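Colleague: Provided below for reference: sequence and predicted model.
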Amino acid sequence: MAVVTWPARKAAAEAGDAQGVVIDLDLTDLGLGARKVSAVVVLYKDHSLATLRFAQSRSVPYLSISSGVFEIAPEVASVMNAPGAAAVVLGYEWLVGATTVPALDLARRFARVHEIRIGVLVDEEDGGGPTVAADFDYLNHFMPAALTRKSGTWQWREDNDAKAVFSAIDGTEIDATGFSSIDVVGLATSTGAHSVEFNLGNGISSSRRKGEAFSTEIIIEMNGLDLSGQALRTRHAVVHPGGAAPLTGMGIALLLERLIGLDGKPPVAPGLYFPWQILDASRYLAHLAHEGGQIMELPLL
């Protein structure tokens, strides 16, 4: 039988009132027995969806952050077959809400959003561990084309059409490739934008280029009509000096707090949700600032 690794035991001890437990996906109770569970969070891909079935059987919220947009059908079908069982969150937006929550807050300046372009810069030193790498290899293998909304139609960009360039915070041009983030679907359907694309680049972050530690950068460009009907273009960056992991962890923590009602409000009702549908934007942005992150207004190019 597998053993709980030292990092899991160490994390549980540091968290307090926690346990490191081996999960057995072949068992209906995941090997948890009678342990009380308030919610299930899947940080890496569970191809069996045993964790989702377990959450539904216990009527507790379920949050998955590692699926690809091309493979949501099994999760959607599970909710459709048991719509009243649990709140299920498709949390595989980039960094679990770090793109959509700020973007939708910025979109309030617009009466009509025509286009949204997302450019994400992942620093070469911010790659995560081997399991993160395995998840990305899996996604890149099965999802070589990038789901994009262009001029009102859904398209898959591939080969040369998937190549893109965006400017980092310091103005450096970043070679990027289209990525099928579910952010594209969420932003397009929530804003009505006719064109939405998501591009992912890897290199040196703006902070490291000036001699500081690496950071994560999410560039959000929008154009449309402002509240008075005049043309409006904006360009902002979501930045966190700790890289991708702190933003991901913050999104998960805030979602769990909201899902099970730890914020003093009633728990989220059963259903199928994007993170931004249940996260309070003002609360999210306040936590972002508290943890050293920020939303920067950038000059138009």
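Modeller: Sure, I can see it.

Colleague: and the gap between Gly224 and Leu121?
Modeller: According to C-beta to C-beta, to the nearest Å, Gly224 and Leu121 sit 24 Å apart. Just so you know, the C-beta spots here come from the backbone N, C-alpha and C atoms, and that holds for glycine as well.

Colleague: in terms of neighbours, single out the busier of those two.
Modeller: The neighbour count for Gly224 versus Leu121, taken as other C-beta atoms under 10 Å, is higher for Leu121 (28 against 21).

Colleague: what's the distance between the more buried one and Ser205?
Modeller: Taking C-beta to C-beta as the measure, Leu121 falls 6 Å from Ser205.

Colleague: and the next element down the chain from the host helix or strand of Ala188?
Modeller: Ala188 is part of helix 183-191 when elements are defined by DSSP states H and E. On the C-terminal side of helix 183-191, the closest following helix or strand by DSSP H and E is strand 195-203.

Colleague: show me what counts as buried in that next one.
Modeller: If you call a residue buried by 16 or more other C-beta atoms under 10 Å, then strand 195-203 has these buried ones: 195-201.

Colleague: how far away from the center of its chain is that strand?
Modeller: Distance, stretch centre to chain centre, for strand 195-203: 14 Å (C-alpha atoms, centre = their mean, to the nearest Å).

Colleague: can you list the buried residues in the next helix or strand after that strand?
Modeller: Downstream of strand 195-203, the next assigned helix or strand under DSSP H and E is helix 206-209. When burial is assessed from 16+ other C-beta under 10 Å, helix 206-209 yields the following buried residues: 206-208.

Colleague: CA atoms of helix 206-209 as PDB?
Modeller: Provided in PDB are the C-alpha atoms of helix 206-209 (Å, rounded to 0.1, in the frame of the first residue of the first chain):
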ATOM      1  CA  SER A 206       9.500  41.600 -16.100                       C
ATOM      2  CA  SER A 207      10.500  41.700 -12.400                       C
ATOM      3  CA  ARG A 208      13.300  39.200 -13.000                       C
ATOM      4  CA  ARG A 209      14.500  41.200 -16.000                       C
END
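
Colleague: which residues does the helix or strand bottoming out on mean pLDDT in the chain contact?
Modeller: Lowest on mean pLDDT, DSSP states H and E among the helices and strands of the chain sits helix 130-142, with a mean of 73. Contact with helix 130-142 is made by 44-45, 66, 68, 70-71, 127, 180, as judged by C-beta atoms under 8 Å, 6 or more residues apart in numbering.

Colleague: ok, of these, which come out buried?
Modeller: 45, 66, 68, 180.

Colleague: list of residues touching stretch 230-242?
Modeller: 98-99, 102, 106, 109-110, 169, 207, 212-213, 215-226, 246-247, 288, 291-301.

Colleague: now do Phe274 against Ala73, distance only.
Modeller: Taken as C-beta to C-beta, the span from Phe274 to Ala73 is 16 Å.

Colleague: I meant to write Trp156 there.
Modeller: Distance from Trp156 to Ala73, by C-beta to C-beta: 16 Å.

Colleague: who has more neighbours, those two?
Modeller: Counted by other C-beta under 10 Å, Trp156 and Ala73 do not tie: Trp156 has more neighbours, with 15 against 8.

Colleague: the more buried one should be in a helix, yeah?
Modeller: No - assigned with DSSP: H, G, I helix; E, B strand; the rest coil, Trp156 falls outside any helix and is strand.

Colleague: wait, isn't it in contact with Ala145?
Modeller: Yes - Trp156 lies in contact with Ala145 (C-beta atoms under 8 Å); the separation is 3.8 Å.

Colleague: quick one: distance of stretch 45-62 to the chain centre.
Modeller: 19 Å.

Colleague: need the contact partners of that stretch.
Modeller: 23, 25-26, 28-30, 32, 37-40, 42, 64, 66-67, 74-75, 78, 82, 85-89, 135, 138, 256, 259-260, 267-268, 270.

Colleague: okay, and the common contacts of Leu121 and Ser205?
Modeller: Shared contacts of Leu121 and Ser205, counting by C-beta under 8 Å, 6+ apart, come down to 168, 216-217.
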